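Asker: Whatever this is, show me its structure:
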Amino acid sequence: MPFEANLQPGEQLFIQKEFRGSNAHVFAMAVSNQALYLSAQRWALKDDWYFKRVPLGEVEAVCLKKQKPLFPLLVSVAMIAIGGFVSIVMLMNTYNPTPHQPAYGSGWPIAIFVGGLVIPFIARGRRILVVRMKKGRFKWKPQLAVDQKTRQLYGEIQYELLVACRKAGLQTTEE
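Answerer: So this is what the prediction gives:
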């Protein structure tokens, strides 16, 4: 179901963007001359998404932050260590099987190891869109994408929304 911004009388919509990624990852945002419309989910178990209207007076700032590489790096190191260890144990068991027990092999440990090698490269340069409000924050951290086209689309959506927020008179920053 597409997002629809219910505009108030005299309200002018500057931009409306929507992105639906894999695994039910949904993001939508709209900017008008009176409010920001942020995507929100009604119930955690349902796929019932809607626009939450936030008046411009309640928005303190909108910023585009570069993600700190520490968390993806820690996940990557853990995946490399676990995937490498399990792969070695699995291969040792395959080449030197115990008597009366079938040898078992799987591609999952190797895939986890390779995934750990790839994560730092696909997480590099990832940006987070943060809307600071008087009552809380809204963050959009795009999914990790392997292909350049999707990463470029994320960047374009974030930058266009930042420009529209400037046009609406909000304080914006890029870090």
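Asker: And the pLDDT for the residue nearest the centre of the chain?
Answerer: Residue closest to the mean C-alpha point of the chain, counted by Cα atoms, centre = their mean, is Pro142 at 2.2 Å. Predicted confidence (pLDDT) for Pro142: 87.
Asker: Tell me how far it lies from Met29.
Answerer: From Pro142 across to Met29, the span is 13 Å (Cβ to Cβ, to the nearest Å). For the C-beta atoms, the positions are set from N, CA and C on the backbone; glycine is no exception.
Asker: Could I get the buried residue list for stretch 14-27?
Answerer: Judged by neighbour count (16 or more other Cβ atoms under 10 Å), stretch 14-27 contains these buried residues: 14-17, 19, 27.
Asker: Identify the residue nearest Met114 in space, chain neighbours excluded?
Answerer: Heads up, residue 114 is Val, not Met. Counting by Cβ to Cβ, 6 or more residues apart in numbering, Gly83 is the residue found nearest to Val114 once chain neighbours are left out, at 7.6 Å.
Asker: Is that neighbour in contact with Pro109, as I believe?
Answerer: Yes. Taking contacts as Cβ atoms under 8 Å, Gly83 lies within contact range of Pro109: 5.1 Å.
Asker: so what's the residue nearest to the centre of the chain closest to, chain neighbours aside?
Answerer: Tyr154 (4.1 Å).
Asker: now swap in Pro97 and tell me
Answerer: Nearest residue to Pro97 in three dimensions, chain neighbours excluded: Ala103, at 4.3 Å (Cβ to Cβ, 6+ apart).
Asker: doesn't that neighbour fall inside a helix?
Answerer: No. Read with DSSP: H, G, I helix; E, B strand; the rest coil, Ala103 is coil and lies in no helix.
Asker: helices or strands next to the one helix or strand Val77 maps to in the packing?
Answerer: Element membership for Val77 (DSSP states H and E) is helix 70-95. Packing partners of helix 70-95 (3 or more Cβ pairs under 8 Å, 6 or more residues apart in numbering; DSSP states H and E): helix 108-123.
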